[in-house]
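Q: Task: produce atomic coordinates for the following.
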Amino acid sequence: MDTSAISYRVADFLKVHPPFNVMDESDLLMLAKHGRVKFFEPNQYILSQGASRYDILVIQQGTVVLCDERSAEGKLLDVRGAGDMIGIDQFNEVRIYPYAARSASDVLIYAFPAEEFAALVQKYPDARRYVSAYDSVSAESRSAQKHRDPQNIFLREVAGRKFPACDAQASVREAAQQLLTTGGDAVAVLNSEQQLQAILTTRSFLEWIAHGNRDPEQPLTALIKGAPLTIADDASVAEGLLAMAAAGAGALAITSEGTRNGRVQAIVTHADLGRLFGERPLEILREISYARDAQTLRQLNHRARSVVQNNLTSATASDWLARFISSVDIQMMRRIVTLAGADQLGACWCFCGPSGRGETVTKLAPQVVMIADHGQNESYWLGASQRVLELLNESGYLPNSDRPFEPLFYAAGVDEWRTRYSDWVSDPILKEIYRARPLFDLRPVFGVEALWQELETTITNAINREFLFVLANDCLATLPPLTFFHNAVLDETGAETAVFRLEESALRPLVDVGRVFGMAAKRVLGSSTLDRLRSARALLPEHASIFEEASETLRILLWQQGRVGLSQGTAGSELPPALLGPFERQILRNGFRSILRLLEITGDLKWVERL
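A: The predicted structure is shown next:
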């Protein structure tokens, strides 16, 4: 490899594979001059496990298997091919090779000194991110953003520099003049100590008039309803949007303390956020509340998913976008119940499964559960449930066919639900708890919430060690894939499949484990998998790093599910590996390993005995 022609040949190969594809050709040529070419016949050792690390190897052609040979039977860890690297795993921490590498075919390898490679990688941020992805599922390694996203932009950056303000003793007319003079959408109402009393929007004035008020000289306090929404000055755009969505507020104040007692620094309105997003996400939520039919809801649903698709650029974005879509789905459900004429029914409408956990951004329809109050007419609430489901299907969602029970099963009286849950907990094997697991993600979205609370109390009081033993053991029934190779998915035996079953083989183990630890921490219903994994860290602090890695893996999986599902018009439960780039494949490989570590902890049932 000491001739110019060979160096150019090596550089030409490298520049089409990450992390070298972001490097200048002059740097690749210099690296090539320090490299060597190695050839291996089938079944030859390329690296010995535990040997000192001196080189970084890049596979030019052929297939290499990586194994853990510390046990007698050996364990397949990964399979790598052209363009993949060997010896890069845990590059910055471990100076020995953490596995044995053998050739599975004729293999040609380019070997480069580790020091030369490390120095070159430090010049390129994208290359550093890719290298770190070989042994990390951290937020930094996930995001290869070249532009800022809502979760990374300070809310104060989108707020106007000046905002109209009035004394609390001012009249309605004086406040309205402030809005007209400044062209603002909201006015801050301050007391004598310049503390925030309220935020009034143009809508506040319209509602005041609509209620029959006509005297503009009335004090401004006549328009004030409730405490103003405030947020700290270091909040992100995403945090501000979610706060306004949760409160149904048209504006919020950024204050020095994040409370109404702090100094008001800026006012942020729907319009301010709309200018950033193009599509106005908060107005979508408001319009859903007034939609007159399923066709209008369909259009609004499509607009909401477009907001997600345009902003789902990294795993870090999946957190706030899932919360936004959860608000959209809840608002959609509330409007659907009203349009179906079921809003006066004595019942609690809930979501279960992914929507119950707030972990879906695709168009997959939420799984709806209805809990009817005591003494309600069964034929009436069954008919109401049927009308709600029909409208839901007409509102732009994908059909939810992954239901272990018949549709009418999900509508029942509170006494029937209490009996079902008691049976599942007391006899999980004969009562087939595996079918009912999504129902333990139940979250109320509309109606008589006390009925949901009644079920939660029943379940929480019934949970015992024996039940947790069964659920923890059931988690081991599904293992994640081992790796990706070419455009196939490999399991731990090396068997190949053409489709990555993201929902079944990767998300489900994480969700099931989270549910078990949530129950152990007495957070049974209404919590997300991330919440449950946080509870697990508190229960087993000695394994905190593994639970944190599992949380990161969950975000990555939800990112990929949403990204592919929205672009392909599917639920994202299955996807061809060809849709995943090299960076995504690598962080998913590490995610699979973190899932296995999580399952090992869960399967060691001694933790249940210590509760």
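Q: Let's verify the closest residue to Ala159 other than its chain neighbours: helix, strand, or coil?
A: Spatially, and ignoring its direct neighbours in sequence, Ala159 is nearest to Ala266 (3.6 Å; C-beta to C-beta, 6 or more residues apart in numbering). C-betas here are computed from N, CA, C, even on glycine. Secondary structure for Ala266, judged by DSSP: H, G, I helix; E, B strand; the rest coil, is strand.
Q: Kindly report the same for Asn213.
A: Classification of Asn213 using three-state DSSP returns coil.
Q: still on that earlier bit, right, and the residue nearest to Ala159 touches Val158 too?
A: No. Counting by C-beta atoms under 8 Å, Ala266 does not reach Val158; the two are 9.1 Å apart.
Q: The closest residue in space to Pro582 that isn't next to it in sequence: neighbouring residues, count only.
A: Leaving aside its chain neighbours, Pro582 sits nearest to Pro18 (4.9 Å; criterion: C-beta to C-beta, 6+ apart). Applying other C-beta atoms under 10 Å, we find 21 residues neighbouring Pro18.
Q: try Asp293
A: The burial count for Asp293: 11, using other C-beta under 10 Å.
Q: count of residues packed around the nearest residue to it once chain neighbours are set aside?
A: Distances taken as C-beta to C-beta, 6+ apart put Leu339 closest to Asp293, at 7.1 Å, once the chain neighbours are dropped. Applying other C-beta under 10 Å, we find 19 residues neighbouring Leu339.
Q: Can you find the helix or strand of this structure with the lowest average pLDDT?
A: helix 139-142 (a mean of 44; mean pLDDT, DSSP states H and E).
Q: Centre-most residue in this structure?
A: For the chain, the residue nearest the mean C-alpha position is Ser318 (3.9 Å; C-alpha atoms, centre = their mean).
Q: Return the backbone torsion pair for that one.
A: phi -60, psi -30 (degrees, to the nearest 10).
Q: again, but for Phe500
A: Torsion angles at Phe500 (phi, psi; degrees, to the nearest 10) stand at phi -90, psi 110.
Q: In the helix or strand in which Phe205 is found, which residues are buried?
A: Element membership for Phe205 (DSSP states H and E) is helix 202-210. Applying a neighbour-count criterion of 16 or more other C-beta atoms under 10 Å, the buried positions in helix 202-210 are 202, 204-205, 208.
Q: now stretch 502-519
A: Under the neighbour-count criterion of 16+ other C-beta under 10 Å, stretch 502-519 has 502-503, 505-519 buried.
Q: Over to stretch 448-457?
A: For stretch 448-457, using 16+ other C-beta under 10 Å, the buried residues are 448, 451-452, 454-456.
Q: next one: stretch 185-194
A: Here stretch 185-194 shows 185-190 as buried, counting by 16+ other C-beta under 10 Å.
Q: can you redo those as CSV with secondary structure and distance to Cys67?
A: Formatted as CSV, those follow (DSSP: H, G, I helix; E, B strand; the rest coil; distance: C-beta to C-beta, whole Å):
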residue, secondary structure, distance to Cys67
Asp185, coil, 63
Ala186, strand, 63
Val187, strand, 69
Ala188, strand, 66
Val189, strand, 69
Leu190, strand, 69
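Q: Okay, and which of the buried residues of stretch 448-457 map to helices?
A: Among the buried residues of stretch 448-457, the ones falling in helices (DSSP state H) are 451-452, 454-456.
Q: Can you tell me which of those residues is nearest Leu297?
A: Using C-beta to C-beta, Trp452 comes nearest to Leu297 of these, at 24.1 Å.
Q: which regions of the stretch 201-350 of the chain sit below the pLDDT cut-off?
A: The model of the stretch 201-350 of the chain has no residue with pLDDT under 70.
Q: quick one, helices of it?
A: Here the stretch 201-350 of the chain has its helices, by DSSP state H, counting those that start in this stretch, at 202-210, 237-247, 270-277, 281-290, 294-311, 315-339.
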